[in-house]
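In: Attaching a predicted model along with its sequence, questions to come.
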Amino acid sequence: MYSVGFDLDLTLADTRAGIAAVYDEVARRLGVVIDSTVVISRLGPPLEHELTYWLPPEEIPGAAALYRSLYPGTAVPMTTLMAGALESVAEVRRHGGRVIVVTGKHGDTARQTVEFLGLDVDEVVGSVFGAAKGAAIANFGAAVYVGDHVGDIDAARAGRAVSVTVATGPYSEEALRDHGADFVLPDLTGFAGWYDAWRV
């Protein structure tokens, strides 16, 4: 049996509409300009990283706190499953594997999102990005890490896991392949078949 790690945003969960709505409300309340269309075109890094594009450093902690206070009531109900997400998790479970979600999203909002979507996972680790995800992946014993971002390829490498990527985020299949992904899928609908064949 092989355990698997998954990224959350644009891998398992389509959070774009909800995230855009929260950023729009943060911008309205703070009286600042934040282009939520640009924001959702580069999802992956933690919130504080994105806020550096829009706010001076001293205003970021307050904006982040406001964002996180709005997220459960605004973004979580607008979140939907990415195609193939439930089936992918179920396939790992069917073969006796465990599942971890490792994400740049804050741990509390990540857990709320996973619970809202009904994803059957063993553990959720938040607020880590890129190679910093490696420790959680390795500690969990995940043999595979699945994500949509080039940072998720770095995460798999750091966690000594096979890198499987899906081209449902900001990067094309070619870009993911060029960055060194071991396997590239158009989306998660192909993961169950890939996993079933790979594990043999």
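Out: Cool, got the structure. Numbers count the residues shown, from 1 in each chain.
In: hmm, what's the outermost residue in this structure?
Out: Gly31 (28.7 Å; Cα atoms, centre = their mean).
In: Next, give phi and psi for that one.
Out: phi 70, psi 40 (degrees, to the nearest 10).
In: can you check Ile100 too?
Out: phi -120, psi 140.
In: wait, isn't it in contact with Ala136?
Out: Yes - at 6.9 Å, Ile100 counts as touching Ala136 under the criterion of Cβ atoms under 8 Å. In short, each C-beta sits where N, CA and C put it, glycine included.
In: Common neighbours of those two, please.
Out: Counting by Cβ atoms under 8 Å, 6 or more residues apart in numbering, the residues touching both Ile100 and Ala136 are 5, 125.
In: what about Gly62, how many neighbours?
Out: By other Cβ atoms under 10 Å, 12 other residues sit near Gly62.
In: Tell me the confidence at it?
Out: Here the pLDDT value assigned to Gly62 is 98.
In: residues contacting Ile100?
Out: Going by Cβ under 8 Å, 6+ apart, the list of residues near Ile100 reads 3-6, 121-125, 136-137, 140, 142.
In: Which of these are buried? Put it as a ChimeraX command.
Out: Entered in ChimeraX, the line below selects the buried ones among the contacts of Ile100, by 16 or more other Cβ atoms under 10 Å:
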select :3,4,5,6,121,123,124,125,136,137,140,142
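In: now, among the contacts of Ile100, which is nearest to Pro77?
Out: The closest of the contacts of Ile100 to Pro77 turns out to be Val124 (Cβ to Cβ; 18.7 Å).
In: so that closest one sits right up against Ala110, yeah?
Out: Yes - here Val124 reaches Ala110: they are 5.1 Å apart, a contact under Cβ under 8 Å.
In: can you list residues touching both of those two?
Out: Residues within reach of Val124 and of Ala110 at once, by Cβ under 8 Å, 6+ apart, are 101, 103.
In: And the helices in this protein?
Out: 16-30, 36-40, 47-51, 60-74, 85-94, 107-117, 134-140, 150-158, 173-178, 191-198 (DSSP state H).
In: Fine by me, we can end here.
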